[in-house]
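> can't give you the sequence, but here's the structure:
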């Protein structure tokens, strides 16, 4: 038996309101690089389901930039460190260099792919110039009194560099080694957010929170002209040049992305993201890149929501939007219906910020579920045969998703207390939604979300699972599982306690997750100590206690279709696949998700059973498992 990573559905870029987010494209226009969580993702532009993940940083990442050669990437994090690594496999690290004492905001490469300037929010200094292969100093960044937001290096000789800052100025550097030459002050009346040299090196542009677009001579740094005055109605966060050095594109908080002619100053084209006439903060455009090496004129912009918008001249709206999570994914569910491509069931994921995404695993694409979503962390999903998926979250609501349309229905049910888990019990074609709450188990109607019965418990529930009329509820304060029986014939349906399973082993802690096998013959229970116990549901005797390789809390367990194998994920970042017949014959995907695995599922993709996992890195990963009969 073996497990192998097949596909990474990458996390969305991390964004911060009021700050620019840097995007980078390789020299061939095939991939983009961006930061999300503690990872850097390299994503194929034409097929976003193809991506690489670099996990070398130990702190939250902030920026990633391809070298002009395309062989390396330089990335920075909030601790002020810059790492240089290979862009092919995103594994081998060439070097790690401490630059400043605070967050790295931007990085620029010289045209030879040899030197790097990294800038940000430091104490003694706001940036530094180093060689990419050794970290040796090749100059200094000076002249600013506040955080430096962006940096650009002229790709031709003589080398020039520009830095822009919250002190409303642009500093011009001569190199190499890079040294302060001149300062453009008094032009921008607010924070300067972005800067870029034209590919031919003849021009330099800066943009800022004052909505000003200022052009300079690329060789001397002398201001030449201002263009587009009064056109953008919000802060301009980012700028990127076309390959012809005649046009550039800007991204703004006014929800627009605009193409400009550098000579005439004319606004050649405008895209507006979001509903026409509406003002939505999440549609603010905080990043943009114009990939070179392409013939289709593609522009990619970034919304504050983390959506990547694919733009082409001739269309006023994005022709494609790549969506996903940029916060920790906290819940994973499998829908009862096939995805639009028909090759796999629909997967739903929920994150810490309340965003819910519906995934077509076969197509490798995700769509944000529209409608009134949860206002904060999504806790759990369950599905019903009606084609609906149900979710609960820390906003103490039960919400219904119409899986086929990826829409929230407008009938959320208010829960009496914070939910710990949710399950579906089905009997005689009738389904019931069971929610484990702070001190009770509540039964809800899947038709209208109405509360049918609230069964108080003498213990705080931690998790819940159901099969048929059998309901298993884990205890948060003891290694105990309470088996309840659902009586759907009564009106309203009720729950009654039938048995308590207690494991007396002193090494065990509270139950963290529960799941029945598809036939209901076995119940797997994960504990806070990392151990998994499997019980026979016929008499609740212990089948095996040898599934004990996790070193931290088990956060998810799922069975394969035959009920012969199970997959688990835990806070220790690992995914394990277990065999019921051979409890010792496990396989492991080590460090599957940075900061922990929060959910796992076993699904059929194009006729083959595969494992799906989610976790703290905000990514959705698909694993191939071999040797499972």
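Received, thanks. Values in this document were obtained by computation on a predicted structure and should not be read as measured data.
> Residue 76 touches residue 56, doesn't it?
No - contact criterion Cβ atoms under 8 Å: residue 76 and residue 56 do not qualify, at 11.9 Å. From N, CA and C alone the C-beta is placed, and that goes for glycine too.
> Common neighbours of those two, please.
Shared contacts of residue 76 and residue 56 (Cβ atoms under 8 Å, 6 or more residues apart in numbering): residue 83.
> who's more crowded, those two?
It is residue 76, of residue 76 and residue 56, that has more neighbours when counted by other Cβ atoms under 10 Å, with 31 against 18.
> residues in contact with that one?
Counted by Cβ under 8 Å, 6+ apart, residue 76 has contacts 61-64, 82-83, 99, 103-105, 107, 118, 120.
> can I get those in JSON lines with pLDDT, secondary structure and neighbour count?
Shown next, in JSON lines, are these (pLDDT from 0 to 100; DSSP: H, G, I helix; E, B strand; the rest coil; neighbours: other Cβ atoms under 10 Å):
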{"residue": "61", "pLDDT": "98", "secondary structure": "strand", "neighbour count": "25"}
{"residue": "62", "pLDDT": "98", "secondary structure": "strand", "neighbour count": "26"}
{"residue": "63", "pLDDT": "98", "secondary structure": "strand", "neighbour count": "27"}
{"residue": "64", "pLDDT": "98", "secondary structure": "strand", "neighbour count": "28"}
{"residue": "82", "pLDDT": "98", "secondary structure": "strand", "neighbour count": "26"}
{"residue": "83", "pLDDT": "98", "secondary structure": "strand", "neighbour count": "20"}
{"residue": "99", "pLDDT": "96", "secondary structure": "coil", "neighbour count": "26"}
{"residue": "103", "pLDDT": "97", "secondary structure": "coil", "neighbour count": "19"}
{"residue": "104", "pLDDT": "98", "secondary structure": "strand", "neighbour count": "28"}
{"residue": "105", "pLDDT": "98", "secondary structure": "strand", "neighbour count": "26"}
{"residue": "107", "pLDDT": "98", "secondary structure": "strand", "neighbour count": "27"}
{"residue": "118", "pLDDT": "98", "secondary structure": "strand", "neighbour count": "27"}
{"residue": "120", "pLDDT": "97", "secondary structure": "strand", "neighbour count": "29"}
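> Give the residue spans of this protein that score low on pLDDT.
The model of the chain has pLDDT under 70 over residues 504-508, 629.
> quick check: domain ranges of it?
What automatic domain parsing lists as the domains of the chain is 228-322, 326-412, 415-502, 515-623.
> could you dump those to JSON lines with distance to residue 220 and mean neighbour count?
Output for the domains of the chain, formatted as JSON lines (distance: least, Cβ to Cβ, whole Å; neighbours: other Cβ atoms under 10 Å):
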{"stretch": "domain 228-322", "distance to residue 220": "16", "mean neighbour count": "19"}
{"stretch": "domain 326-412", "distance to residue 220": "40", "mean neighbour count": "21"}
{"stretch": "domain 415-502", "distance to residue 220": "62", "mean neighbour count": "19"}
{"stretch": "domain 515-623", "distance to residue 220": "44", "mean neighbour count": "20"}
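> Now residue 283, what are its backbone angles?
phi -90, psi 0 (degrees, to the nearest 10).
> Pull the contacting residues for it.
Residue 283 neighbours (Cβ under 8 Å, 6+ apart): 255, 273, 274, 303, 304, 305.
> Would you reformat the residues you listed as a markdown table and include distance to residue 388?
Below are the contacts of residue 283 laid out as a markdown table (distance: Cβ to Cβ, whole Å):
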| residue | distance to residue 388 |
| --- | --- |
| 255 | 33 |
| 273 | 30 |
| 274 | 28 |
| 303 | 29 |
| 304 | 30 |
| 305 | 25 |
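> Which one of these is nearest to residue 371?
Nearest to residue 371 among these is residue 305, at 15.0 Å by Cβ to Cβ.
> Could you tell me how far the closest one is located from residue 40?
20 Å (Cβ to Cβ, to the nearest Å).
> What of residue 473?
41 Å.
> Same question for residue 228.
32 Å.
> Also residue 132?
From residue 132 over to residue 40 the distance is 16 Å, taken as Cβ to Cβ.
> More neighbours: which of these two?
Looking at residue 132 and residue 40 with other Cβ under 10 Å, you find the greater number of neighbours at residue 40, namely 27 against 22.
> Helix or strand: which one has the more buried one?
Taking DSSP states H and E as the definition, one finds residue 40 inside strand 39-44.
> Neighbouring strands of the helix or strand just after that strand in the sheet, and parallel or not?
Note on strand 39-44: by DSSP H and E, the next helix or strand toward the C-terminus is strand 51-54. Here strand 51-54 has these sheet partners by DSSP bridges: strand 39-44 (antiparallel).
> Check the offset of the partner strand from the chain's centre.
11 Å (Cα atoms, centre = their mean, to the nearest Å).
> Kindly report the same for stretch 150-164.
Worked out by Cα atoms, centre = their mean, stretch 150-164 lies 32 Å from the chain centre.
> Buried residues, it. List them.
Within stretch 150-164, the residues that qualify as buried by neighbour count (16 or more other Cβ atoms under 10 Å) are 150, 151, 152, 153, 154, 155, 159, 160, 161, 162, 163, 164.
> Equivalent analysis for stretch 136-145, please.
138, 139, 140, 141, 143, 144.
> nearest residue to the last one other than its sequence neighbours?
I take that to be residue 144. Excluding the flanking residues, the one nearest residue 144 by Cβ to Cβ, 6 or more residues apart in numbering is residue 165, at 4.3 Å.
> Any idea what that neighbour is bridged to?
Beta-bridge partners recorded for residue 165 (DSSP bridges): residue 148.
> List the contacts of it.
126, 144, 145, 146, 147, 148, 149, 171, 191, 192.
> now residue 444
Taking Cβ under 8 Å, 6+ apart, one finds 398, 413, 432, 433, 434, 435, 450, 451, 452 in contact with residue 444.
> Export these as JSON lines, with columns for secondary structure and distance to residue 483.
Putting those into JSON lines (DSSP: H, G, I helix; E, B strand; the rest coil; distance: Cβ to Cβ, whole Å) gives the following:
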{"residue": "398", "secondary structure": "strand", "distance to residue 483": "23"}
{"residue": "413", "secondary structure": "strand", "distance to residue 483": "26"}
{"residue": "432", "secondary structure": "strand", "distance to residue 483": "17"}
{"residue": "433", "secondary structure": "strand", "distance to residue 483": "19"}
{"residue": "434", "secondary structure": "strand", "distance to residue 483": "13"}
{"residue": "435", "secondary structure": "strand", "distance to residue 483": "17"}
{"residue": "450", "secondary structure": "coil", "distance to residue 483": "26"}
{"residue": "451", "secondary structure": "strand", "distance to residue 483": "23"}
{"residue": "452", "secondary structure": "strand", "distance to residue 483": "20"}
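> okay, those residues in JSON lines with distance to residue 618 next?
Formatted as JSON lines, the contacts of residue 444 follow (distance: Cβ to Cβ, whole Å):
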{"residue": "398", "distance to residue 618": "25"}
{"residue": "413", "distance to residue 618": "28"}
{"residue": "432", "distance to residue 618": "33"}
{"residue": "433", "distance to residue 618": "27"}
{"residue": "434", "distance to residue 618": "29"}
{"residue": "435", "distance to residue 618": "26"}
{"residue": "450", "distance to residue 618": "34"}
{"residue": "451", "distance to residue 618": "33"}
{"residue": "452", "distance to residue 618": "36"}
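> Closest one to residue 577 out of the residues you listed, please.
Closest to residue 577, out of all of the contacts of residue 444 and judged by Cβ to Cβ, is residue 434, at 27.9 Å.
> chain center to stretch 590-597, what's the gap?
On Cα atoms, centre = their mean, the centre of stretch 590-597 falls 14 Å from the chain's centre.
> Oops, could you answer that again for stretch 262-273 instead?
The chain centre lies 31 Å from the centre of stretch 262-273; the measure is Cα atoms, centre = their mean.
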